[in-house]
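**Student:** pasted the sequence and its predicted model underneath.
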Amino acid sequence: MVLVTSPTERSNPQTRDLDLMSTRDVVRLINAQDRTVPDAVTAVLDRVVDAVEFGVAALRAGRRVHYFGAGTSGRLGVLDAAELPPTFNTPPGWFCAHLAGGPEAMSRAVEDAEDDESAGAAEAAECVAAGDLVIGLAASGRTPYVLGALRAARVAGARTALVAADPTAAAAGEVDVFIGVATGPEVVTGSTRMKAATAQKLVLNAFSTAVMVRLGRVYSNFMVAVVATNAKLRGRMIAILMEATGAGERACREALLRADGDLKAALVSLLSGAAVAEARAALARADDQVRGALALLAG
């Protein structure tokens, strides 16, 4: 048995009378502790920027981004990867999430899965290639499954990053980018589903969204690569066109119809006055960037 010394495993002196407090005071104390997390993430934003640049480079080169994690950390990676296709229409395989214990670990704990370094290494060796970006998610910064995957990824020629809640994690020197967020002791000792997980969610939100922005899947602050898979999203596409162009609902519906549901093509057509075919051609020449396509059409 290994004694765990991670900051997240220490007792929080501000919460030692938690079981004596009223419900209101418990909730207020949890909220007060949660408010410290964004500042802790702010302190490592330069490292998040580095990870974004590696992610953009990997995807532009036709490679992939992988998340490897266990427990809550791994589930957050699965969640982030799952939300990108409907939001940004990411191609299959751009973001791959790997969870210790496999799919069943999403809903229940798989005992000892996180301690299997060889399983992480084997999974990475099988699916990671040179030029990929592999991001390990481990609150303690020392999860064997995650470290095994990161080490195998480096051997394969991939870039690597580690997101942890221990700024002094020993594995920091083994990766290209170390994002050590100082979230400190948890409200409930060792419960890294709390502040540590919140920090990882904030980091992943910033990372994947910034990558999508850099790759042209956002125009202004609109998700212009969205896929209309339900009524809500179909309505959102019309609302985006109306707000981004100032055109009326009927004109936006007609433009989207002419573009066969391609929001970017409809948007460029409405903003430039060009036909949909011209808008598509400009987007292709501008590496699928809306502003680039508009500049081509204006020139």
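**Tutor:** Okay, I see it.
**Student:** skipping adjacent residues, who's closest to residue 202 in space?
**Tutor:** Of all residues not flanking residue 202 in the chain, residue 41 sits nearest, at 4.8 Å (C-beta to C-beta, 6 or more residues apart in numbering). All C-beta atoms are positioned from the backbone trio N, CA, C, and that covers glycine.
**Student:** please apply the same query to residue 199.
**Tutor:** Leaving aside its sequence neighbours, residue 199 sits nearest to residue 181 (C-beta to C-beta, 6+ apart; 4.2 Å).
**Student:** residue contacts, residue 12?
**Tutor:** Shown in contact with residue 12 (C-beta atoms under 8 Å, 6 or more residues apart in numbering): 33, 184-187, 189.
**Student:** and residue 143, by the same measure?
**Tutor:** 69-70, 73, 100, 114, 136.
**Student:** going by neighbour count, which of those residues comes out on top?
**Tutor:** Highest neighbour count within the contacts of residue 143: residue 136, with 35 neighbours (other C-beta atoms under 10 Å).
**Student:** quick check, pLDDT for it.
**Tutor:** Looking at residue 136, its pLDDT is 98.
**Student:** i'd like the first residue to be 297 from this point on
**Tutor:** Got it, first residue is 297 now, which makes that one residue 432.
**Student:** so it touches residue 446, yeah?
**Tutor:** Yes - proximity of residue 432 to residue 446 meets the contact threshold set by C-beta atoms under 8 Å, at 4.8 Å.
**Student:** list the residues that contact both of the two?
**Tutor:** Common contacts of residue 432 and residue 446, defined by C-beta under 8 Å, 6+ apart, comprise 364, 456, 458, 471.
**Student:** ok, back up a step: surely the residue nearest to residue 495 and residue 458 touch.
**Tutor:** No - at 11.0 Å, residue 477 does not count as touching residue 458 under the criterion of C-beta under 8 Å.
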